[in-house]
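Any chance you can model this:
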Amino acid sequence: MKILVIRFSSIGDIVLTTPVIRCLKNQIDGVEIHVLTKKKFSNLYKTNPYINKVYEYDDSLKKNIEELKLENYDYIVDLQKNKRSIRVTRALHKPHSSFPKLNFKKFLLTTFKINLMPDIHIVDRYFKAVEKLGVTNDYQGLDFFISEKNDYPLSELPENFQKGYHAFVIGGTYKTKILPAVKIVEIIQKLNEPVILLGGPDDVERANEILSKISKSQQLSNSATQQLINLVGKINLEQSASIVKKAKSVLTNDTGLMHIAAAFHKNIVSVWGNTVPELGMYPYLPKEKDKCYIVECKDVKCRPCSKLGFKECPKRHFKCMMKIDSDTVVEKLKIEN
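Predicted coordinates for the structure are as follows:
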């Protein structure tokens, strides 16, 4: 049997599809699994041993469709469920299925604060797409695979970090999902333990702001400043994942590395701003729910204001992040499960 799985983007969402792919491979004898994804995210699937072939969508879906027709798939699993993926399934004329995306219920929650969302994680909703194939969730969590060349060696870190450190994921796709630099500085000051900052090229300015605020602070001793390493924009995603894997705990916004941390069953302190866990995208740890602590300001009545996020707070006060209690974050970071 040959199956095509469609998921175009993005980092976190792709990581969330990995339980479905693993279960397809392990529960259907002799199955061959292909994936169609955006070229910029293809490496996330190429390192996955459960996948036989990866097709990259760049700028011509027509070209992809012509290639995919030659594969003569037995079944298509659509884990994207948008106009582009529907175009592919219709063009291939093969049996297919998808999952309940619940867009109207998300609209009610973000627009009118009416919560009709089921208490079901997106991963469990993804499994609706493979029910007809007799595939069920094994509840082993998420997968993320790091190639040997991108394994970040602890020996390259200072000695005090080799004994243990916290990974702080400071970035995110939208500003309203990102803990402000001033709050991160507060947490670093109170934690006073080794911290590694992680993020992509778009987060370099924020990292520099954090470093600047710390260098100007009179509350930090010289020894404390030696307990901070900035790797933002300096290493690739797999190397960042390696740092996360070896951390004793992870502080993260609602972003891709949050889900990667869950794949490694880390102790996670997950900070939420304009989005809410009720949308079903919180860290997926089905057998270890005590490893994740959600930090959010439930008394901020305007949240959730979006299922995604904004470049700026629509109300301009950004209370959902500015009111985050740094003492609570530090307390949870120090808990060792």
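
Tell me how far the helix or strand hosting Tyr293 lies from the chain's centre.
Tyr293 is part of strand 292-295, with elements assigned from DSSP states H and E. Taking CA atoms, centre = their mean, to the nearest Å, the mean C-alpha location of strand 292-295 is offset from the chain mean by 14 Å.

export the helix or strand that it is followed by as PDB, just CAs?
For strand 292-295, the succeeding helix or strand toward the C-terminus, using DSSP H and E, is helix 319-322. Coordinates of each C-alpha in helix 319-322 appear next as PDB, following Å, rounded to 0.1, in the frame of the first residue of the first chain:
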ATOM      1  CA  LYS A 319      -1.600  42.800  29.000                       C
ATOM      2  CA  CYS A 320      -1.700  39.100  28.100                       C
ATOM      3  CA  MET A 321       2.100  39.000  28.100                       C
ATOM      4  CA  MET A 322       3.000  42.000  30.300                       C
END
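
Neighbouring strands - and their directions - for the strand holding Tyr293?
strand 268-271 (parallel) (DSSP bridges).

Which residues does stretch 204-222 contact?
170-171, 178, 181-182, 184-185, 188-189, 197, 199, 225, 228, 230, 232-233 (CB atoms under 8 Å, 6 or more residues apart in numbering). (C-beta placed from N, C-alpha, C; glycine too.)

picking that back up, what's next to the strand holding Tyr293, contact-wise?
Here strand 292-295 has contacts from 262, 267-272, 277, 282-283, 285, 324-325, 328-329, 332, 335, using CB under 8 Å, 6+ apart.

Sitting in strands, which of the residues you listed do you find?
Among the contacts of strand 292-295, the members found in strands (DSSP state E) are 268-271.

Including neighbour count, pLDDT and distance to Lys315, could the residues you listed go into TSV?
Shown next, in TSV, are these (neighbours: other CB atoms under 10 Å; pLDDT from 0 to 100; distance: CB to CB, whole Å):
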residue	neighbour count	pLDDT	distance to Lys315
Ile268	27	98	28
Val269	27	98	25
Ser270	23	98	23
Val271	26	98	19
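
re earlier: ok, of the contacts of strand 292-295, which come out buried?
262, 267-272, 277, 282-283, 285, 324, 329, 332 (16 or more other CB atoms under 10 Å).

Buried among the contacts of stretch 204-222? Need that as a selection in ChimeraX.
One line in ChimeraX is enough to select the buried ones among these; burial here means 16+ other CB under 10 Å:
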select :170,171,178,181,184,185,188,189,197,199,228,230,232,233
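
and His34, which of the three is it?
Secondary structure, DSSP: H, G, I helix; E, B strand; the rest coil: His34 is strand.

Look at it and say how many residues are nearby.
When counting by other CB atoms under 10 Å, one arrives at 19 neighbours for His34.

Show me what it bridges to in the sheet.
Leu4, Lys53.

For Lys53, see how far away it is.
His34 is 4 Å from Lys53, where distance means CB to CB, to the nearest Å.

ok, Lys307 touching Thr275?
Yes: with contact defined as CB atoms under 8 Å, Lys307 and Thr275 form a contacting pair (6.7 Å).

lowest average confidence, helix or strand, in the chain?
helix 222-225 (a mean of 56; mean pLDDT, DSSP states H and E).

Which elements pack onto whichever helix or strand comes after that one?
Once the chain leaves helix 222-225, the next helix or strand it forms, by DSSP H and E, is strand 228-230. Other elements packing on strand 228-230 under the criterion 3 or more CB pairs under 8 Å, 6 or more residues apart in numbering; DSSP states H and E are strand 195-198, helix 204-216.

Contacts for the helix or strand containing Asn64, please.
Using DSSP H and E, Asn64 sits within helix 61-69. Under the contact criterion CB under 8 Å, 6+ apart, helix 61-69 has outside partners 4, 36, 55, 57, 84, 87-88, 91-92.

residues near the residue nearest to Lys40 when sequence neighbours are not counted, how many?
Leaving aside its chain neighbours, Lys40 sits nearest to Ser9 (8.0 Å; criterion: CB to CB, 6 or more residues apart in numbering). Number of residues near Ser9 (other CB under 10 Å) recorded here: 15.

Ser9 should be in a helix, yeah?
No: using three-state DSSP, the assignment for Ser9 is coil, not a helix.

Any idea which residue is closest to the centre of the protein?
Gly256 (2.5 Å; CA atoms, centre = their mean).

Double-check that residue against Ser10; I have them as touching.
Yes: proximity of Gly256 to Ser10 meets the contact threshold set by CB under 8 Å, at 6.8 Å.
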